[in-house]
Structure formats: C-alpha cells, structure tokens
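# Return a 3D structure for these sequence lines:
(chains A and B)
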Amino acid sequence: MARVVDMPKLSPTMEEGQIVTWHRKEGDAVEVDDLLAEVETDKATMEFRSFDRGTLLKVLAPAGSMVRLGDPVAVIGKPGESTEGLVSGTRAGAAPATAPAGVDAPSEAMTPATTAPVLVTGGRVKASPYVRKLARERGLDLLTVHGSGTGGRIVARDLDGGAVATRVTAPSAAAPKPTSVPFAAPVSATVAREARESVSKPLSMMRRTIARRLTESKRDVPHFYLTIDVDAGALFELRARLNADLDKKISFNDLVVKAVSIALVRAPEVNAQFTPEALVYHRRIDLSIAIAVDEGLVTPVLRDADRKSVVEISEEIQTLSARARDKKLTVEEMTGGTFSISNLGMFGIDEFAAVINPPEGAILAVGAIRAEPVVRGDAVVPGKRMKLTLSCDHRVVDGAVGAKFLAELRKVLERPLQILAH
Amino acid sequence: MKSMRFREAVREAIAEEMERDDRVFLMGEEVGQYQGAYKVSEGLLERFGERRVIDTPITEAGFAGIGIGAAMVGLRPIIEFMTWNFSAVAFDQILNNAAKLRQMSGGQLSVPVVFRGPNASARQVGSQHSHAMEHFYVNVPGLKVIAPATPADAKGMLKTAIRDEDPVLYLESETLYSVKGDVPEGEHLVPFGKARIAREGTDCTLISYSRMVHVCLDAAEALAAKGIDCEVIDLRSLRPLDEETIVASLTKTHRAVVAYEGWPYGGVGAEVVDRLQRLAFDELDAPILRVTTMDVPMPYNAKLEQLVIPQAHRIIDAVERVTYRRT
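So this is what the prediction gives:
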C-alpha cells in the first residue's frame, strides 16, 4: 500500500522547510534510514531520512519548494503502484499537483531545479515577464517583493497594494564587512545614479529566523542593561604569556567565556530562564556563543563550559565557528543554551547591549580591550580596560542579581589566573 | 436578425451563393438524394437540380480531385466530406494540388474550392471518426482554415469562403449543428483573419474556436461565480490567425488558456501559444496553459470519451492555475 510521506519536524521550532536537494529520484528503491532529501529549516540544513522501505513513487515537492510541516512531499510504495488517489486527495502543499494529460503544467513543475532556494538562483529573482515590465516602468525593486506564485514566482498580484516598493539596503550582519564605497571620485551625476542603486537581498531562512526570534525577544522580554568597566591589564598580560608558551592561540574571547562560566558557578541565579509556570534555574552551564557568518549569525552551544579547560574551550569554539561557516551545525548543536555571550571586541566596539536569546535569561555583550590611562595607587599609568554589558530578562533576573554576577565576573577577569585553575 | 440553427445557417450560405453565382455547385457523399448525412443540404437537390447538387461514390480522393480540377477551370465547387476524418483519404489532393497550384503555376492557376464538413469529436463515432483534422491542415501554406462557433459566423464565413480565390477548409461540428443563434438578415459576410470576442473579461483570456467556444463560455460562467472574470476569444479563422486580437486581450488580462479539441502535441493551440509568448512576452504573468484532447486515440466508451475530450472543469482548473488560485 503506497503511503504519503509528510514533511517531518526536523527542528524543535520548525514550521516549514525548504527542500534543497532530493537524494533519491522517482523509481529509486528506498531503505529505512536512507537519505531522501536535504531540507533547510529555520535552523540549519537537515538530513531527511526515510522511515519507510519501498520505492519512491512520486516526488510531490520538487527541490526548491517550501513545504509546511505535515504537508506531503513524496509517495513511497511498491514499484508500479498507483499514486492516483493518494496524490490528488492530499492537502495543498507546495508541490504542483500532477497535471491531467492534455494540460500543460508550468514547466518548472516538471523540471525542478536541483539545488538552491526558490526565490533567487544565482542572484536571479523569479518573476513573471509582466511583473518585470511593471518593475521597469515603476522603478520597483523586485528583491523586496515576496512571490506568491508557483515556486515563489513574483506575479502581478504581489505588486498590488504595495505598488511602490521602497528600496531597502539590507543591513550588514553582526560582523560588518568594511566596504570601500563611500567617497568614490565624483562621477557625472547622471551616470552615477544607476550604479548607485540600492541592492536588496531576499530573506534567507536564517534571516527570517533572526528577524522572528529577535523581534519576539524585544517585544516579549523586558530587557534591562548593566554595564561594568573592568581593568583588563592582567587579562591582557595573561593572554600574551599563554600565547608565548602554548603552541596555539588563545583569544580574549576564550578567556572571557571561561571567566563567565566561573562567574556563573558563583552567581547561578542568572543562569536561569522564565517560563509562565515557574522560574527555571539551570545546573548545567551551556553557553550559547554568538558567531557571525555570511548570512547572519548563529549561536552554537558550548556545553558544560565550567568543566572544560580554557584550551578545550578555545578548540571547541574554533570547531563550532568552522562548522557554522560551512552551515554544518546541527539543530542539536544550536539548542539548549542557558546563557549567551556575544563579543564584538574584535570589531573595535567598545560597548554594546545585546538582545536576549530566548528562552535564556541573560546575555553578556563583550567590548574591546581599550588602552587607557588608569589610576593605580596615586599614579596615572597606561592601562587596559574592557566594558561588559549584561542584558537581563527582568522577569527572572533582577538588578541586584545581575549586579552580583557582574561583580563575580569582574573578580575573575581582574585576577585572571583563576581562569587557568578551573 | 433571424434565429436559426447552425446547420440552417450553413445551408442558407450555400443556397444564397448558388443563387448568386451559377458557377457554385455542391458535391459529396449523400448530399443529394439523402438530403445530407446531417441534413445540411436538405432541399438543395430539389431547388438546384442534379447538375449542381451532385452525389458521389465513396471516393474522397476522386471527388476532392474533381473539385480542385473544376476550380482550376473556373467553377466554384463546394466539396462536402461526410466528416473531415475522411479527408485523410484525400489528403494528397489537398496538400499537393489545392494548396500548391497557385504557386507552382506562377500564378496562372487558382483553386477557389471550399472543402467542408463536420470535424472533431461527436458522440461515440469511434476513434477513426473523431479526429480534429485542422491541426494537420493549418500547417500547410496555401490553405485557409476556418472553424466558426455560431450560426452567424457559420453563414458569414462560408459565404466569404465560397467567394475566396483560394482553397478554404471550412470545419463544422456534428454537435454544433443544432446550436441556435441570431443571424443578420440580408447580405452577411464575415472576413477571415479576424477573431471574435465572445465574452469580455479582465482576469484571464480563454482562446478557443468551433464547439469548444461554448465549453469555454460555460467555464467562464462558472469562474465568474468564483470571482475570476474571463475573456473568451473565438478565433474562428485558424489560418490566417488574428494576432492582434489575442495580443490585445492578453495585454489586458496577462494570463491565457487555450482550449480546443485535438491532441496536445503541436497544433493550433501550440501555434497560438508561440505567437503570444513571442509577441507579448512582457505581458505574461503566468505560463500559457493548453487544455486539449488527451494524448490517446478516442475511446468508444461513452464515459471514457467524455474523459478524453476537453471539458469545462479542465478549463476551470487551468484558469485557476494561471491565476495562481492553485498550484
């Protein structure tokens, strides 16, 4: 008996997924646990493996389709078995229904792209010729328009209402890349106009997730911010000595991460989360580390940071960063953090306030180490300072609790040999 | 205006032209004594006599050739095929003589012949008698191919065909013969190469001809109830094809579905789609879809036959696709 295979839940927060590539084609034999397809979820590109044994009779959602959770993507059954009743009776998915003989179906339904998301392939927006004409006439930027037609195609109705789309420059990700555009030599204004058109990018799954989660956070979580300015002279010196003696580089960030884990052991009240029923205090110290990648940022989790040496932490963060850049992080690696750290010090940011990464209760924003005159005894001497800002969810972390944690953190950072003792 | 059936309109056109011009004569199987296989020529033998209403043996290649020869020497023959399916037997005459003699004789000869008869599906006439033959003939330069949907056009276009200096293939339909409609009184001529807007609309253009125009109108009615306003174009002249009207309609609606009898590979519909995408590419908001006879020989079984022939629900389905109401 042929059965319809539905889009499975491949991440805890997944509501829909985009088929990136099919690894089996119609007619192929399929064993239990065979890789059927890769699916881009809100978190990562996940493997979609078969729960069934049989023959892949029909692909209902070609590569590129966005499919809601539980909607049909394929039919598996015995070779040659009819899929007729199953397919026509299924709910409206992203898949184009099979066209009756004698009716052409839009050709992309027949020949799905093998890879790449629907909206843009190699920088190309899918839009009907008529929409392109309108865009030329009205000066619309199609990159800002959501396509509601087959396979995400922008069709005429998508321009109705929002007729004049504003030209938006996509803000750069957490790691702003230096660009050298600003003061080009003056060119003839008329020539320059075209070349200076804003560039927009359609939303990637990652960008959608960032937008949704951070909006939720800012909307639902009552943030407040506590900033300390610590003497980082000893930390600076410690790092220099470590890097002179070890054959690997330890970053300030590695040291700060370890310091945070120690401070969390001493002030565990901020390692907590709010739920409508109760406050949850975590005993594990699993740190979400914000890592900038090309399309945005991800927060893989460094587990049991309090039980790892700074060298282990350093190595693990390097591994996570590499996996993040290669989009290889699994959902498991990105969920279950208890406290977040975001460091923009390497980008020359002195201090900033980060947005809490729900459902965690707090996030620490780490600034750059600044060379500044400091007062030591009665003398003003050259010194190093570093600012750290804790964003707290006031529903679970009160001001005094946050302050206690920062005081512990200051103690570790200003007498950093402790970092090596844990 | 006078209300009449399609078959009466065809008969009136023949009679009026025979009355007007005594070079015009009708020839074919059962056109005389039997009064026409579908009663189109009823009364004509009595009225015009055996010299001008001529019964033939079952010899399509022969009487098609006689018609072409008669036209070459100055007569105005109307050659009736009992159905267009039988023209297959006369295909060589039509392809190699009727269509080519003007060009091959350097303009010394013309072939003002009309071939006419019912075309495409009827009710359970079997696989060999259900062909939509226009798709073979529209391919041929030198032929004009006409397929009216209403009594008014049936009359007006047949009269134009009889007066034309070149071979005209005029397609009727068994299931259209009883359709009633208003026909203008007096001299009524409908030019070739001009499509008719059968219904105005703004959301999607349905392009069709002959019997399928009526199916499109039914579909348009049902779609109107769903809030989709279709324009229905009756091509009526398949060759020459009225590009201007279909392009103007597409420019208004930005979406099109072509519905007609005949197999999906190539044919009139594919030609229409080609012209639209070429002439009005920037107007397209969706791929143009075709609703055709399914890609099989016509089944005899009544239910299967209806499954294979284009129906209103299939047109509705295609319109919902091109308007992105469904994927």
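# Could you chop the chain up by domain?
Here I'm looking at chain A. Per the record, chain A has its domains at A:3-110, A:120-195, A:206-421, by automatic domain parsing.
# Wait, chain B was what I had in mind.
According to automatic domain parsing, the ranges for chain B are B:2-183, B:196-322.
# need the residues of chain B near chain A, please.
Taking CB under 8 Å from any CB of the partner chain as the measure of proximity, chain B contacts chain A at B:254, B:263-264, B:281-296, B:308, B:310, B:314, B:317-318, B:321, B:324, B:326-327. Just so you know, the C-beta spots here come from the backbone N, C-alpha and C atoms, and that holds for glycine as well.
# Pull out the buried members of the residues you listed.
With burial judged by 16 or more other CB atoms under 10 Å in any protein chain shown, the buried subset of these is B:254, B:263-264, B:282-294, B:308, B:310, B:314, B:317-318, B:321, B:324, B:327.
# how about A:Tyr22, what does it touch?
No Tyr there; residue A:22 is Trp. By CB atoms under 8 Å, 6 or more residues apart in numbering or on different chains, the contact list for A:Trp22 reads A:36-37, A:59, A:62-63.
# swap the cut-off to 10 Å and go again
Neighbour list for A:Trp22: A:28, A:35-38, A:48, A:56, A:59, A:61-63, A:73-74, A:112, A:114-115 [criterion: CB atoms under 10 Å, 6 or more residues apart in numbering or on different chains].
# What of A:Val5?
Contacts for A:Val5 (CB under 10 Å, 6+ apart) come out as A:30, A:36-37, A:48, A:50-52, A:54, A:56, A:58-61, A:72-76.
# okay, and for chain B, where does confidence drop off?
By pLDDT under 70, the weakly predicted segments of chain B are B:327.
# which residues in it form helices?
Here chain B has its helices, by DSSP state H, at B:6-20, B:44-48, B:60-72, B:91-92, B:101-104, B:134-137, B:151-163, B:212-225, B:243-253, B:267-279, B:302-308, B:312-322.
# cool, and the stretch 101-250 of chain A?
A:107-110, A:129-138, A:189-195, A:205-220, A:233-245 (DSSP state H, counting those that start in this stretch).
# Please identify the deepest-packed of these.
helix A:129-138 (a mean of 17; mean count of other CB atoms under 10 Å in any protein chain shown).
# circling back: among the domains of chain A, which gets the worst mean confidence?
Mean pLDDT across the domains of chain A is lowest at domain A:120-195; the value there is a mean of 64.
# ok so, going back, just send the helices of chain B back as CSV, with distance to B:Val113 too.
Below are those laid out as CSV (distance: least, CB to CB, whole Å):
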stretch, distance to B:Val113
helix B:6-20, 13
helix B:44-48, 18
helix B:60-72, 4
helix B:91-92, 15
helix B:101-104, 10
helix B:134-137, 13
helix B:151-163, 10
helix B:212-225, 26
helix B:243-253, 27
helix B:267-279, 22
helix B:302-308, 33
helix B:312-322, 35
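# so which of the ones you listed is the most packed in?
The most buried one of the helices of chain B (mean count of other CB under 10 Å) is helix B:151-163, showing a mean of 24.
# now the angle from that one to helix B:212-225?
For helix B:151-163 against helix B:212-225, the angle by axes from the mean of the first three to the mean of the last three CA atoms, to 10 degrees is 150 degrees.
# Counting by contacts, list what helix B:151-163 packs against.
Helices and strands in packing contact with helix B:151-163 are listed as strand B:2-5, helix B:6-20, strand B:76-80, strand B:114-118, strand B:144-146, strand B:168-172, strand B:180-183, strand B:237-239; criterion 3 or more CB pairs under 10 Å, 6 or more residues apart in numbering or on different chains; DSSP states H and E.
# for the third one, which positions count as buried?
When you say that, I think you mean strand B:76-80. Across strand B:76-80, burial judged by 16+ other CB under 10 Å covers B:76-80.
# How about the first one?
By 16+ other CB under 10 Å, the buried positions in strand B:2-5 come out as B:4-5.
# so what strands line up beside that strand?
Strand B:2-5 pairs in its sheet with strand B:180-183 (antiparallel), by DSSP bridges.
# now the fourth one
Strand pairing for strand B:114-118, determined by DSSP bridges: strand B:76-80 (parallel), strand B:168-172 (parallel).
# Would you reformat those as a markdown table and include distance to A:Ile285?
Output for those, formatted as a markdown table (distance: least, CB to CB, whole Å):
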| stretch | distance to A:Ile285 |
| --- | --- |
| strand B:76-80 | 95 |
| strand B:168-172 | 83 |
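# and A:Asp6, which of those is closest to it?
Among those, strand B:168-172 comes nearest to A:Asp6, with 49.6 Å by CB to CB.
# just how off-centre is the closest one within its chain?
In terms of CA atoms, centre = their mean, to the nearest Å, the gap separating the centre of strand B:168-172 from the centre of its chain is 6 Å.
# Give me the angle between that strand and helix B:6-20.
Between strand B:168-172 and helix B:6-20, the angle comes out at 150 degrees (the same axes, to 10 degrees).
# How about strand B:168-172, which residues are buried there?
Applying 16+ other CB under 10 Å to strand B:168-172 flags B:168-172 as buried.
# B:Gln128: how many residues sit nearby?
Using other CB atoms under 10 Å in any protein chain shown, B:Gln128 has 12 other residues around it.
# Quick check: bridge partners of B:Val24?
B:Arg76.
# That one contacts B:Ile162, doesn't it?
Yes - B:Val24 is within contact range of B:Ile162, at 6.0 Å (criterion: CB atoms under 10 Å).
# Can you pull the residues that touch both of the two?
Common neighbours of B:Val24 and B:Ile162 (CB under 10 Å, 6+ apart) are B:14, B:16-18, B:76-78, B:112, B:114.
# can you redo the domains of chain A as CSV with distance to B:Cys204?
Listed next are the domains of chain A as CSV, based on distance: least, CB to CB, whole Å:
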stretch, distance to B:Cys204
domain A:3-110, 15
domain A:120-195, 12
domain A:206-421, 33
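# For B:Val145, find the nearest of these.
Per CB to CB, nearest to B:Val145 of the domains of chain A: domain A:3-110, 21.5 Å.
# Helix or strand for A:Ala322, just tell me which one.
Assessed by DSSP states H and E, A:Ala322 sits inside helix A:310-325.
# Enumerate the positions of that helix that are buried.
Judged by neighbour count using 16+ other CB under 10 Å, the buried positions of helix A:310-325 are A:310, A:313-314, A:316-317, A:320-321, A:323-324.
# Likewise for stretch B:195-211?
By neighbour count with 16+ other CB under 10 Å, stretch B:195-211 contains the buried residues B:195-196, B:198-199, B:201, B:203-211.
# Which of the residues you listed fall within strands?
B:196, B:198-199, B:204-208 (DSSP state E).
# Of the buried residues of helix A:310-325, just say which sits nearest to chain B.
Comparing the buried residues of helix A:310-325 against chain B with CB to the nearest CB places A:Ala324 closest, at 34.4 Å.
# Touching, that closest one and A:Glu333? I think so.
Yes - judged on CB under 10 Å, A:Ala324 makes contact with A:Glu333 at a distance of 9.0 Å.
# For chain B, see how far away the residue lying closest to A:Glu216 once chain neighbours are set aside is.
Using CB to CB, 6 or more residues apart in numbering or on different chains and skipping the chain neighbours, the partner closest in space to A:Glu216 is A:Pro358 (6.4 Å). According to CB to the nearest CB, to the nearest Å, A:Pro358 stands 34 Å off from chain B.
# Tell me which residues touch the spatially closest residue to B:Asn97 that is not a sequence neighbour, please.
Distance criterion CB to CB, 6+ apart; nearest residue to B:Asn97, sequence neighbours excluded, is B:Ile68 at 4.9 Å. By CB under 10 Å, 6+ apart, the residues touching B:Ile68 are B:77, B:79, B:90, B:93-94, B:96-99, B:101, B:109, B:111, B:113, B:115, B:167.
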